[in-house]
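S.K.: sequence first, then the predicted structure, then my questions.
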Amino acid sequence: MAKIGNYRMKSLSYLNKYFVKYKWRFLLGILFVISQNYFKVKMPDFTGGIIDELIEGVSSDNIMQYGFTVGLIYFGLSLASGFFLFLQRQTIIIMSRYIEFDLKNEIYSQYQRLGYTFYKKNSTGDLMNRISEDVSKVRMYLGPSLMYTINLVVLTVMVVWNMVNINGYLTIFVLIPLPIMSFLIYRVSSKMNKLSTHVQEEQSKMSTQAQEYFSGIRVVKAYGRNKEVSGKFDESADRYKNKNMKLVLVNALFMPTIFMLIGFSTLLCIYLGGIFFGQGDITPGDILTFIFYVNLLTWPFASIGWVTSLVQRASASQTRINEFLKEEAEIKNTCSEPFDFQGTIEFKNVSFTYTSSGIRAIKNLSFKIKNGETLGIVGRTGSGKSTILALLMRQVEPNSGEILIDGIPLNQINLDDFRSSTGIVPQDVFLFSDTIRNNIAFGSTEDLTDKELEEVTKKAHVYHNIMEFEDKFDTQLGERGVNLSGGQKQRISIARALIRKPSLLLLDDCLSSVDTETEEIILKHLKESQIDSSIIVSHRISSIRHAHRVIVIDDGAKTEEGSHDELLKLNGRYAEIYHKQLDELGSD
Ligand SMILES: Nc1ncnc2c1ncn2[C@@H]1O[C@H](COP(=O)(O)OP(=O)(O)OP(=O)(O)O)[C@@H](O)[C@H]1O
Ligand SMILES: [Mg+2]
C-alpha cells in the first residue's frame, strides 16, 4: 500500500478533518465491524466443532433435539452477523455521504468566491463535470474503501488468530495464495479502470458529436454534408465498440482468476489437512473450519486490489479538488459594513487590460453619473462597452485609475451589498430550463407573489406574451418546454433584473432583439420606476437618445460626450451613427 505514491496519498489527508467531525459515527462503525466479524468467525468454529461431535457419535434418541439446537444456534449466529453488517453499512456509508455533502458545499462556496477571470480561463461545464466526478471518486474512498479495509483488518486478525490456534503450519500454507490474488486483482482492476476511462471518453466524444450534428442538422443538410457527417459518426461508434470489447475481455478474466486461486487454497487445505490428520495433529472438523476460513478471507483479500485502485483514483481526484480549493479569489470582499447605494458613480482615468488576451480594452476612461441619471454608452462592437460594466460590477479590476461609488473607492465598499442593489441584464441572455416564474425569481431572495410578477413583466413588456401560454408563469422553458424568441428572452431577463427592485440598473445591449416600438415602451416604464441610476449600453441610438448623457466609446477610449442634442450638433461619430440608422429605418 505504501507504493501508492506518498505525495498523492497526502492529498487525502485533507479529509481527516471530516473524520474528526464525524468521529463518533466512525467509531461506532468500527465497533459494528468488529461485532459483525465476531459472529461471522464464530460460525465456522461452531460448525467444525459439530462435525467432530458427529464423528465421535451422538446417541440416536437425542439426534432430533441435537439437530434442532445446532440449527438454532447457527441461525442465531448468522442473524447476529447480518444485523451488525446492516448497522456497519448504515453508519460508515452514511458517514461517507455526509462527508460528500460537506465537501460539495465547500467546493460550491469556492465556486462562488472565485471571480469572473477564473471562469473565463476555465470552461464552466467542464469544471462542473470534473468536480462532481472527482467528489464521487473521493466518496468511494470514504465509504466502501474504508469499510472494506477496516473489515479486512478485523477479520484477518480474528481468523488468523483462530487458525494459528488450530494449526500454525497449515495456516501459513493456505494463506500463501491470498496475497498473490490481491496483487493480481489490483493489476486487473487498474487495467479495467484505464480501459473504462477510455470507454467513457469515447462515449462522451460520440455523444457530443451526435448532439452537435443534431442541433446543426439544418446547416448539415443545407450544405449537403450528410454523408461526411454520418461517416465520421460511424468511425467514432466503431472506436467506441472496439474499446468496449477490450474492457469486456479483461472483465471476463477477472472472476475466473479469483475462483482459481480460491480453489487452490481449498485444495491445499484438504491435501495438507489430510496429511496433518494422518499424523493426528488435526481433526476433520478443524479441516472444515479451515476451508470455511479460507473462504471467509477470500473476498476481503480480493477487495485489497480493488480498494487500492479506488484509493489511488480518490487521491488523484482529491489532489485536483485541493488545487481548486486552494485557488485564490483575486477579488475579495474585504468590507463587511453595510452599504446603501445612493446613485453616484464616477470613473477616474480608468484603464484596463485583459491579462488573458493582452487586449487594452479600456483606456484612460473618465465619466460621472449623478443620482437619478441615465448614462448611455454607444460604440462599435469590441470597443469595450461590456468591459465598462464588468469594471463597475468589480468582476475585473482596473490596472490604473479609480472607480468611485458615492465617492468611495469601489474596492472599499461592501461588494455583496453593492451587487445586490444592482440589476444587471447581460448581453447574452441566459435562461434556465425551468419555469418562467423561477427564471424571474432567480434575481430575488424572497418568495414572489403573482402580483409582483405581473408588475415586473408588465414593465418589461412581456406580460402579454406570458399570458398567451397555457401555463402562464409556470410555463416551462428550454428543451422540454417552450422556446422563446430572442426578444422575449431579453424581456424576461429585464424582468429578472427588475424584480430585485434595483437602485442601479445596467442594460447591456439587451434591447437589440426587440422592435423600436417595444423598446420605447420598456424605456418609458423604466424611466417611471424607482431606479436611482442606470447605464444603457446599445448599438442603437433609439435606446439611448433619452439618456441624460451619452458617451461614445471607440477602441476603449471615450471620444465624445454629451446629451443627444449636443452630440448631434457636434456632428461627429454619434451624429454619423444616428443618420445611418435613420436611413436604415427609412429604407425598411
Ligand atoms: N474575457 C476577456 N478576455 C480577454 N479579452 C476580452 C475579454 N472580454 C472582452 N475582451 C476583449 O476586450 C475588448 C472589448 O470587449 P467588450 O466585450 O467590452 O466589447 P463590447 O463593446 O461590449 O462589444 P460588443 O458590442 O460586441 O458587445 C475586445 O477587443 C474583446 O476582444
Ligand atoms: Mg458587449
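M.R.: The structure has been received and is ready for your questions. Source: prediction; values computed, not measured. Ligands and ions are numbered 1, 2, ... in the order given.
S.K.: please count neighbours and contacts with C-alpha atoms only from this point.
M.R.: Will do.
S.K.: could you look up the SS state of Val378?
M.R.: Classification of Val378 by DSSP: H, G, I helix; E, B strand; the rest coil places it in strand.
S.K.: which strand residues sit across from it in the sheet?
M.R.: Val552 (DSSP bridges).
S.K.: state the distance from it to Val514.
M.R.: With the distance defined as Cα to Cα, to the nearest Å, Val378 ends up 17 Å from Val514.
S.K.: with neighbour numbers in mind, choose between those two.
M.R.: Remark: of Val378 and Val514, Val378 carries more neighbours, 26 against 18, as counted by other Cα atoms under 10 Å.
S.K.: give the contact list for that one.
M.R.: Under the criterion of Cα atoms under 8 Å, 6 or more residues apart in numbering, the neighbours of Val378 are Lys385, Val537, Ser538, His539, Arg540, Ile541, Val550, Ile551, Val552, Ile553.
S.K.: gap between it and ligand 1?
M.R.: With the distance defined as Cα to the nearest ligand atom, to the nearest Å, Val378 ends up 8 Å from ligand 1.
S.K.: do the same with Thr374
M.R.: In terms of Cα to the nearest ligand atom, Thr374 sits 18 Å off from ligand 1.
S.K.: return the backbone torsion pair for that residue.
M.R.: Note on Thr374: backbone dihedrals following degrees, to the nearest 10 are phi -120, psi 130.
S.K.: got the contact list for it?
M.R.: Under the contact definition (Cα under 8 Å, 6+ apart), the residues listed for Thr374 are Ser533, Ser534, Ile535, Ile536, Ala547, His548, Arg549.
S.K.: most neighbours out of these, which is it?
M.R.: Among these, Ser534 has the most neighbours (other Cα under 10 Å), with 27 neighbours.
S.K.: ok, that one touching Asp508?
M.R.: No. With contact defined as Cα atoms under 8 Å, Ser534 does not count as touching Asp508 (10.8 Å).
S.K.: quick one on the thing from earlier: from the contacts of Thr374, pick the one nearest Asp583.
M.R.: Comparing the contacts of Thr374 against Asp583 with Cα to Cα picks out Ala547 as the nearest, at 21.9 Å.
S.K.: now that closest one. Nearest residue, chain neighbours left out?
M.R.: Once flanking residues are discounted, Ala547 sits nearest to Thr374: 5.1 Å by Cα to Cα, 6 or more residues apart in numbering.
S.K.: give me the neighbour count for Gly71.
M.R.: 12.
S.K.: which SSE is it in?
M.R.: Secondary structure assignment for Gly71, by DSSP states H and E: helix 63-113.
S.K.: any idea how far that helix is from the chain center?
M.R.: For helix 63-113, the distance from its own C-alpha centre to the chain's C-alpha centre is 28 Å (Cα atoms, centre = their mean, to the nearest Å).
S.K.: for Ile258, phi and psi?
M.R.: Taking degrees, to the nearest 10, you get phi -60, psi -50 for the backbone angles of Ile258.
S.K.: can you show me the helices along the stretch 401-550 of the chain?
M.R.: Under the criterion DSSP state H, counting those that start in this stretch, the stretch 401-550 of the chain contains helices at 415-420, 436-441, 450-459, 463-468, 486-498, 516-528, 541-544.
S.K.: quick one: the helices in the stretch 101-250 of the chain, in order.
M.R.: Counting by DSSP H, counting those that start in this stretch, the segments of the stretch 101-250 of the chain that form helices are 116-121, 124-140, 146-166, 168-175, 177-215, 217-222, 226-278.
S.K.: just put those in JSON lines and tack on distance to ligand 1, mean pLDDT and mean neighbour count.
M.R.: Written out in JSON lines, the entries for the helices of the stretch 101-250 of the chain read as follows (distance: least, Cα to the nearest ligand atom, whole Å; pLDDT from 0 to 100; neighbours: other Cα atoms under 10 Å):
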{"stretch": "helix 116-121", "distance to ligand 1": "6", "mean pLDDT": "62", "mean neighbour count": "13"}
{"stretch": "helix 124-140", "distance to ligand 1": "14", "mean pLDDT": "76", "mean neighbour count": "17"}
{"stretch": "helix 146-166", "distance to ligand 1": "44", "mean pLDDT": "90", "mean neighbour count": "18"}
{"stretch": "helix 168-175", "distance to ligand 1": "62", "mean pLDDT": "86", "mean neighbour count": "16"}
{"stretch": "helix 177-215", "distance to ligand 1": "25", "mean pLDDT": "80", "mean neighbour count": "17"}
{"stretch": "helix 217-222", "distance to ligand 1": "24", "mean pLDDT": "78", "mean neighbour count": "13"}
{"stretch": "helix 226-278", "distance to ligand 1": "32", "mean pLDDT": "85", "mean neighbour count": "15"}
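S.K.: closest to Ile92 out of those helices?
M.R.: Distances from Ile92 to each of the helices of the stretch 101-250 of the chain were compared using Cα to Cα; the minimum, 6.7 Å, belongs to helix 146-166.
S.K.: against which helices or strands is the closest one packed?
M.R.: Counting by 3 or more Cα pairs under 8 Å, 6 or more residues apart in numbering; DSSP states H and E, the packing neighbours recorded for helix 146-166 are helix 23-56, helix 63-113, helix 168-175, helix 284-326.
S.K.: returning to that earlier point: how close does the residue nearest to Ala547 get to Asn414?
M.R.: Using Cα to Cα, one gets 23 Å for the distance from Thr374 to Asn414.
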